[in-house]
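*Asks:* Quick one, structure for this:
(one chain, ligands or ions: 2)
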Amino acid sequence: MFTNSYAGSSGESSCLNCSTMGKNARPTRKRDISSLHPFGHLRQSSILDHLQPMGKSKKRQTDNIPEATTSGARHPEGQSEVQRPHIEEMSEKSHTLELSVPSYCLPPVQKREEEAEVGPDWDQKANSLLRKHFGYSGLKSFQKETLGAWFAHQDCLVLAATGSGKSLCFQIPALLTGKVVVVISPLISLMHDQCLKLAKHGISACFLGSGQPDNSVEKKAMNGIYSIIYVCPETLLRLISPLQRLAENVGIALFAIDEVHCVSKWGHDFRPDYRRMSVLRESFSSSSLDFLKFDIPIMALTATATDHVREDILKSLKLSKDAKIVLTTFFRPNLKFSIMHSRTSSPSSYVKDFQDLVKVYSNKKTTKESSGRTGSVTEDLEDSLEDSDSMSDTSNVDEQDDELSSHRKMGFSTSKERQLSVEFLEDDFDDIQTADDFDVSCGEFCGTPLVDGVQLSESTELPHPTPQPAESSQYVSCSLEQGPTIIYVPTRKQTVAIAKYLRAKGVKAEPYHAALPKSHLRRVHKEFHEDALEVVVATIAFGMGIDKLNVRRIIHYGWPQSLEAYYQEAGRAGRDGKLADCTLYANLSKIPTLLPNKRSEEQKKNAYKMLADCYRYGMNTSICRAKVLVEYFGEVFHQERCMTCDVCRNGPPELQNMKAEANIFMQVIAAHYKQQGAEYSYDDLIGGDMGTSRSSERLTLRLIVTKIREHSQQFLASDQLWWRGLARLMQDKGFIREGGNMIGVQIKCPEPTNQGLKYLESGMEQDFYAYPEADMLLSATREQQPFSSFSEWGKGWADPEIRKQRLARRRAFKKPRKSRNRKSRKQSNSMTVKERISARLSKWKR
Ligand SMILES: Nc1ncnc2c1ncn2[C@@H]1O[C@H](COP(=O)(O)OP(=O)(O)OP(=O)(O)O)[C@@H](O)[C@H]1O
Ligand SMILES: [Mg+2]
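*Replies:* Ligands and ions are numbered 1, 2, ... in the order given. Below you'll find the predicted structure:
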């Protein structure tokens, strides 16, 4: 029986065959992995269920392999120059790699023998290979399930938590069979990372990039020199025929599609080329290739896919009907989630937000030591930072001003310039569309011989601590150990700005984003893995798949674009099973916006939906954060509380009866619709027509608050932020919904629902108990600026009509200013800011 626990060595998984999915079977919203699967009922399948006789399939390939290629590729004695390169040649060919090329190329000698021996005892063989190459005591249960499916020639979709060990599922088949495994991966950085690790464990691997003019690595790969070939989707599409020849001559044990959520248009990381991966099932099946007795299995893996995305993956990849789904819990009990309010867009918040981080690392060394480092990109980019610093500072509290200032910070100065430009995209955000956006190189990594240096025998353990099985209570009293930090930020500029700030404070920090020089990125990668860096400040380019055991802190500085992206990046932490901290610093008073990207209308809607889910996660004050996260991915969280997140630690805020506020809120909406459409009936209100035809008369949240303030002395000094929170709560209760076809993160134009109307009709006698959300709490802690203190003038600004008139006057007033002469400009420059503001205010008041 599956337990809702971390997929540690004792964790189990749930599997099912896709064939159990009826056409009309709809996934339930939540997946209870102990009993029910979104695609139907499931039981914990036994590995024996999948052990079908292998037949002759595993040996069959040898009959077909042409002598020259086979012996050359697999046996050192018979290898040609091309197939077994000398080290000098390799260094030259992989010239773009600065990382050390192994000094010895281990030809996959034993593979053929191992292949011949693969049989029903494959799991014992796999365990012994695991010990030999990786030093682990045994396969985790979900790894066994997955390999069982592969052994039975089944396609398989693996949904397992970040850091649970998915990579091993596709690496072991190469060792077991001596055939080649082809891995489709989205980022060169990820391929690079995995190849390096494999080389260390005595397994030869390479990655192929489409931008590399030197195709010798590719040629060797197509001759079967490497056990594992990593390719990006674009390259794979180009190599279909050579891969078919490879399958015939040497054998392909498996196609693995890593980070397979990239396939889905509904995922956070959609890559159009991933969409074409159905070519694998079409081109490598026994029906299309005579020499194949069975289809070459496809294994698709991800840690972040909602039910919707899973369905899309299965459909788009055209996996075979009996494809198996292996599920483990997404819960990571050692990750301690929390949320902090911060004006992250302003460098002035760095001091407060990073003081603890600076303390952590400054305890270890003196400032002088680290600031003496040389050759940093951070230093090279200091000049450009000055600009970004000066652009970033804002002191407005108003949401619109905030938005404007963030646009300015991004380099927009006029509304015209706000239009998305390619330069802008390239300058500011990491919108990685292909693997080669990141790097354009081919790399080859020959397995370092295990006999050289550390000989791994069955009893020798590698210095990799096995992740602890899940028991969240065990982490409650733990304190954080020392270890590196990754700070994720939305823009490239911020990576440099924050790294610069931290370096000035003596922290060994480096920025990381796709536009930085490749040599810098490789150095950061290397130093990060060698623990020579304390903090990497990165964009999404340093996200998926990065596997470093001892990352202790993940800081998200600014709203992530989706919970998928957030959980994926947070998953870089605590991969050794020890406690790790995941803190999201976000401006809780500001509604997050989508980062510019090329999106269709449909994708835009979906992107807003994902951003809204993320915003809701940030606003939540009463539900365990781990619960929100895993339930987002469709899993039932049996534990109810993780015990470590800020909500579990601090408890929810006091439950409040918001009856009076809810009443007046609904009354204002009802009054508006009465005025607009005579007698309102539910059908009229809900009908889409009303939304479009009356768009000009729409009741915005802002207007509702103005009216509430006007009509009730009690709420005169109330804060817009508080009502925003209430609107969400009322939306959750089903009393209001977004009007018309508005899409956004927060409800903008509330319309009453049937339930809301019933609430109104009932005389609104019901209590309205709710936990105040984060923005409501924030508004309570803000220094109250009573609405009345602005007197009539201030009140006027909140009234749209008066505001309109004043803005018109302001524009008229601005015109002559343009033609001001130098003298008056000088005069105005000599005034202090305070004087200028009061001068302007007195003019407006007139
Ligand atoms: N059977 C095992 N026993 C102990 N450790 C293991 C086992 N399998 C994998 N690991 C270790 O777990 C760590 C995480 O593995 P891996 O990178 O494959 O995770 P992942 O599931 O792909 O995560 P992500 O979704 O973040 O990419 C690695 O350091 C790996 O060596
Ligand atoms: Mg992975």
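*Asks:* tell me which element residue 358 is part of?
*Replies:* For residue 358, the host element (DSSP states H and E) is helix 350-362.
*Asks:* burial count for the residue of the chain found nearest ligand 1?
*Replies:* Closest approach between the chain and ligand 1, counting by C-beta to the nearest ligand atom: residue 165, at 2.7 Å. Bear in mind the C-beta positions are built from the backbone N, C-alpha and C, glycine included. Here the number of neighbours of residue 165 (other C-beta atoms under 10 Å) works out to 24.
*Asks:* Show the model's pLDDT score for the closest residue to residue 743 other than its chain neighbours.
*Replies:* Using C-beta to C-beta, 6 or more residues apart in numbering and skipping the chain neighbours, the partner closest in space to residue 743 is residue 608 (4.9 Å). Looking at residue 608, its pLDDT is 93.
*Asks:* Just say helix, strand or coil for residue 608.
*Replies:* helix (DSSP: H, G, I helix; E, B strand; the rest coil).
*Asks:* Show the contacting residues for it.
*Replies:* By C-beta atoms under 8 Å, 6 or more residues apart in numbering, the residues touching residue 608 are 594, 743-745.
*Asks:* Rebuild those as a markdown table, extending it with pLDDT.
*Replies:* Output for the contacts of residue 608, formatted as a markdown table (pLDDT from 0 to 100):
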| residue | pLDDT |
| --- | --- |
| 594 | 89 |
| 743 | 80 |
| 744 | 85 |
| 745 | 91 |
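*Asks:* ok, of these, which come out buried?
*Replies:* The neighbour-count criterion (16 or more other C-beta atoms under 10 Å) marks residue 745 among the contacts of residue 608 as buried.
*Asks:* Adding distance to ligand 2 and secondary structure, write the contacts of residue 608 out as CSV.
*Replies:* CSV is the format used below for these (distance: C-beta to the ion, whole Å; DSSP: H, G, I helix; E, B strand; the rest coil):
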residue, distance to ligand 2, secondary structure
594, 27, coil
743, 33, coil
744, 34, coil
745, 30, coil
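*Asks:* what separates residue 300 from residue 752, distance-wise?
*Replies:* Per C-beta to C-beta, to the nearest Å, residue 300 is found 45 Å from residue 752.
*Asks:* Name the residues of stretch 272-290 that are buried.
*Replies:* Quick answer for stretch 272-290 (16+ other C-beta under 10 Å): 273-275, 277, 280-281, 283-285.
*Asks:* I'd like to know which of those is nearest to ligand 2.
*Replies:* Set against ligand 2, the nearest of the buried residues of stretch 272-290 by C-beta to the ion is residue 274 (15.2 Å).
*Asks:* Wait, that closest one touches residue 186, no?
*Replies:* Yes: at 7.3 Å, residue 274 counts as touching residue 186 under the criterion of C-beta atoms under 8 Å.
*Asks:* what is in contact with the two at once?
*Replies:* 233, 262.
*Asks:* circling back to that earlier point, of the contacts of residue 608, which ones also sit close to ligand 1?
*Replies:* When C-beta under 6 Å from any ligand atom is applied, no member of the contacts of residue 608 is adjacent to ligand 1.
*Asks:* could the contacts of residue 608 be laid out in a markdown table, adding distance to residue 645?
*Replies:* A markdown table is the format used below for the contacts of residue 608 (distance: C-beta to C-beta, whole Å):
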| residue | distance to residue 645 |
| --- | --- |
| 594 | 26 |
| 743 | 30 |
| 744 | 27 |
| 745 | 22 |
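*Asks:* quick revisit: among residue 300 and residue 752, which residue is more densely surrounded?
*Replies:* Between residue 300 and residue 752, counting by other C-beta under 10 Å, residue 300 is the more crowded of the two (29 against 24).
*Asks:* tell me what the strand or helix carrying that one is packed against?
*Replies:* Assigned by DSSP H and E, residue 300 falls within strand 298-302. Other elements packing on strand 298-302 under the criterion 3 or more C-beta pairs under 8 Å, 6 or more residues apart in numbering; DSSP states H and E are helix 141-151, strand 156-159, helix 166-177, strand 252-257, helix 307-317.
*Asks:* looking at those, which is buried most?
*Replies:* Of all the helices and strands packed on strand 298-302, strand 156-159 has the most neighbours on average by mean count of other C-beta atoms under 10 Å, namely a mean of 29.
*Asks:* what lines up beside that one in the sheet?
*Replies:* strand 298-302 (parallel), strand 324-327 (parallel) (DSSP bridges).
*Asks:* Now render those strands as a markdown table, adding mean pLDDT and distance to residue 579.
*Replies:* Listed next are those as a markdown table, based on pLDDT from 0 to 100; distance: least, C-beta to C-beta, whole Å:
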| stretch | mean pLDDT | distance to residue 579 |
| --- | --- | --- |
| strand 298-302 | 97 | 25 |
| strand 324-327 | 94 | 25 |
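*Asks:* closest to residue 215 out of the ones you listed?
*Replies:* Evaluated over the strands paired with strand 156-159, closeness to residue 215 peaks at strand 298-302, with 25.7 Å, by C-beta to C-beta.
*Asks:* okay, the closest one in CSV with CA atoms only?
*Replies:* Presented in CSV, the C-alpha positions along strand 298-302 are these (Å, rounded to 0.1, in the frame of the first residue of the first chain):
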residue,chain,number,x,y,z
ILE,A,298,9.4,5.5,-23.9
MET,A,299,9.8,6.7,-20.4
ALA,A,300,8.4,10.2,-19.7
LEU,A,301,9.4,11.8,-16.3
THR,A,302,8.4,14.9,-14.4
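*Asks:* wait, does it make contact with ligand 1?
*Replies:* No: judged by C-beta under 6 Å from any ligand atom, strand 298-302 and ligand 1 are separated, with a smallest distance of 6.9 Å.
*Asks:* who touches that strand?
*Replies:* So strand 298-302 is contacted by 146, 149-150, 155-160, 166, 169-170, 254-261, 263, 280-281, 313, 317, 319, 323 (C-beta under 8 Å, 6+ apart).
*Asks:* So which bits of that strand are buried?
*Replies:* Per 16+ other C-beta under 10 Å, strand 298-302 contains these buried residues: 298-302.
*Asks:* Then stretch 529-539?
*Replies:* In stretch 529-539, counting by 16+ other C-beta under 10 Å, buried: 529, 533-539.
*Asks:* Tabulate those residues (CSV), appending distance to residue 633.
*Replies:* Formatted as CSV, those follow (distance: C-beta to C-beta, whole Å):
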residue, distance to residue 633
529, 29
533, 31
534, 31
535, 29
536, 26
537, 27
538, 24
539, 23
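*Asks:* So which of those reach ligand 1?
*Replies:* Near ligand 1, by the rule C-beta under 6 Å from any ligand atom, you find none of these.
*Asks:* out of those, which are inside helices?
*Replies:* residue 529 (DSSP state H).
*Asks:* So which of the buried residues of stretch 529-539 belong to strands?
*Replies:* Of the buried residues of stretch 529-539, the ones assigned to strands by DSSP state E are 535-538.
*Asks:* can you list the residues of the stretch 101-250 of the chain near ligand 2?
*Replies:* residue 166 (C-beta under 5 Å from the ion).
*Asks:* what ranges do the strands span in the stretch 101-250 of the chain?
*Replies:* For the stretch 101-250 of the chain, the strands defined by DSSP state E, counting those that start in this stretch occupy 156-159, 180-184, 205-208, 228-231.
*Asks:* how about TSV for the ones you listed, with distance to residue 769 and mean pLDDT added?
*Replies:* Listed next are the strands of the stretch 101-250 of the chain as TSV, based on distance: least, C-beta to C-beta, whole Å; pLDDT from 0 to 100:
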stretch	distance to residue 769	mean pLDDT
strand 156-159	37	96
strand 180-184	51	97
strand 205-208	56	90
strand 228-231	54	95
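*Asks:* Relative to residue 756, which of those strands is closest?
*Replies:* strand 156-159 (37.9 Å).
*Asks:* got a list of contacts for the closest one?
*Replies:* So strand 156-159 is in contact with 18, 142, 146, 149-150, 166, 169, 260, 297-303, 305, 310, 313-314, 319, 323-328, 330, going by C-beta under 8 Å, 6+ apart.
*Asks:* Name the SS class of the residue lying closest to residue 664 once chain neighbours are set aside, please.
*Replies:* In this structure, residue 664 finds its nearest non-sequential neighbour in residue 708, 5.4 Å apart by C-beta to C-beta, 6+ apart. Secondary structure state of residue 708, per three-state DSSP, is helix.
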